[in-house]
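> just coords:
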């Protein structure tokens, strides 16, 4: 008699044709149509383990539950794990150590919603354990982590989808098709604007470690620090120890769209010159990532990228004081003299593609520009270049789990995306321009800068190929 796991794995091999509906139908198929990729029989549904179930982890786990059965929930904070089990996975087994989850032979899929510094370790271990993975972004903590992950995914042939869900958004797909088909002429510049999320906060005092939290496990490969709640949950993004601030958080989304339109998904810039403002001025026990920055990059194809925070698009997330005022002196230092006022005074995040015959702007609110306005009357021809269709990011992942095809947001692409974010942070921290070799993936003529491609890793949590 076949086991339930055998039945599931047989489904993953045999249902590819039906599941491919989510990736093969062009245009904007409805969510209900995309959901035809979901198994109809309970025995056909893959078993899912959710590792990291904070706010974002819980959100993507709920989406995954449409396509499979959640049998395990894991979090270094048991209170979060118990809340997630109560909310959406009543029969799941709770774990605190992800390694125990990966030992289960009946788990087919991992949903990785851990903090940023754990993404690569969990993804690498899951692939080696024979699991397919949906992982949150930013994909990595360092550029060398991305190299390792790409190698492991290639060796294990696992399906890994990165949660850059804008790739499955119709407006973004429309913008990319217009740019790639020359509707704004030859692409000259790309402006990539992020929201202004304040990191003004601290100093924070040491606090007792909650009984529910394994603080040593939470810190993982990163240096040991005294516990304070602002190093965890929604606040971890504002510490270099665990993330790269808004530059990697929102940046992984926006740079992804920029590279897609530039046809630079598997390469990168050749020069980076970035500056950033740190509202806490380097004071100890404060958030230590910049909240305002400007980065100018050049690419081998002649396109120039301006990457920046839209100062008028202000948001707060976590325990922050508010938004620091940007003085005239800081503005003059942050932006180059020839930077357009439209960038300096921007009040909306998004991506602007500028060609010699027009421009297109796209963000989560829509796609704008003459080329977009004229599309209804002047559609792209039948033989036009097209994006890979997907209007359901999680559905695309599970379809690819079934048919073993590459998902719409693969690690090889997102490694190159987040590398741009990491290089911007390195330039800011070293306060100097960088020359980058996108083929060798090395910074040229700067040994100190190259040392930032990796981080010292604390035993036993180090990540190796």
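Cool, got the structure. This one's a predicted model, so the numbers in the text were calculated from it and none came from an experiment. Numbers count the residues shown, from 1 in each chain.

> Could you chop the chain up by domain?
Domain assignment for the chain by automatic domain parsing gives 4-167, 169-381+411-451.

> what residues are up against residue 255?
192, 307, 417-418, 420-421 (Cβ atoms under 8 Å, 6 or more residues apart in numbering). Just so you know, the C-beta spots here come from the backbone N, C-alpha and C atoms, and that holds for glycine as well.

> Need the three-state assignment for it.
The three-state assignment at residue 255 reads helix, by DSSP: H, G, I helix; E, B strand; the rest coil.

> Can you get me the start-to-end distance on stretch 68-81?
19 Å (Cα to Cα, to the nearest Å).

> Which positions in it come out as buried?
By 16 or more other Cβ atoms under 10 Å, the buried positions in stretch 68-81 come out as 68-78, 80-81.

> how much distance is there from that stretch to the middle of the chain?
21 Å (Cα atoms, centre = their mean, to the nearest Å).

> Equivalent analysis for stretch 416-436, please.
With Cα atoms, centre = their mean, you get 17 Å for stretch 416-436.

> picking that back up, mind giving me a markdown table with the contacts of residue 255 and columns for distance to residue 150, neighbour count and secondary structure?
Formatted as a markdown table, these follow (distance: Cβ to Cβ, whole Å; neighbours: other Cβ atoms under 10 Å; DSSP: H, G, I helix; E, B strand; the rest coil):
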| residue | distance to residue 150 | neighbour count | secondary structure |
| --- | --- | --- | --- |
| 192 | 23 | 25 | strand |
| 307 | 23 | 25 | strand |
| 417 | 12 | 29 | helix |
| 418 | 12 | 30 | helix |
| 420 | 16 | 30 | helix |
| 421 | 16 | 28 | helix |
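
> give me the low-pLDDT residue ranges for the stretch 251-400 of the chain?
By pLDDT under 70, the stretch 251-400 of the chain contains no weakly predicted segment.

> hey, where'd the strands end up in it?
271-277, 292-298, 304-315, 350-355, 358-363, 366-368 (DSSP state E, counting those that start in this stretch).

> Comparing the domains of the chain, which comes out most buried?
Stretch with highest mean neighbour count among those: domain 4-167 (a mean of 20; mean count of other Cβ atoms under 10 Å).

> re the thing from before, so which of the strands of the stretch 251-400 of the chain gets nearest residue 187?
Closest to residue 187 of the strands of the stretch 251-400 of the chain is strand 350-355 (Cβ to Cβ; 5.1 Å).

> got CSV for the strands of the stretch 251-400 of the chain, with distance to residue 390 too?
Formatted as CSV, the strands of the stretch 251-400 of the chain follow (distance: least, Cβ to Cβ, whole Å):
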stretch, distance to residue 390
strand 271-277, 31
strand 292-298, 28
strand 304-315, 25
strand 350-355, 19
strand 358-363, 16
strand 366-368, 17
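
> Minimum distance to residue 250: which of these has it?
strand 304-315 (9.2 Å).

> got the angle for that closest one vs strand 292-298?
160 degrees (axes from the mean of the first three to the mean of the last three Cα atoms, to 10 degrees).

> Please renumber the chain so that the first residue is 502 from this point on.
Done: numbering now begins at 502, and the last item shifts to strand 805-816.

> quick one: contacts of strand 805-816?
689-699, 747, 752, 756, 759, 763, 770, 775, 792-800, 824, 827, 840, 844-850, 921, 925.
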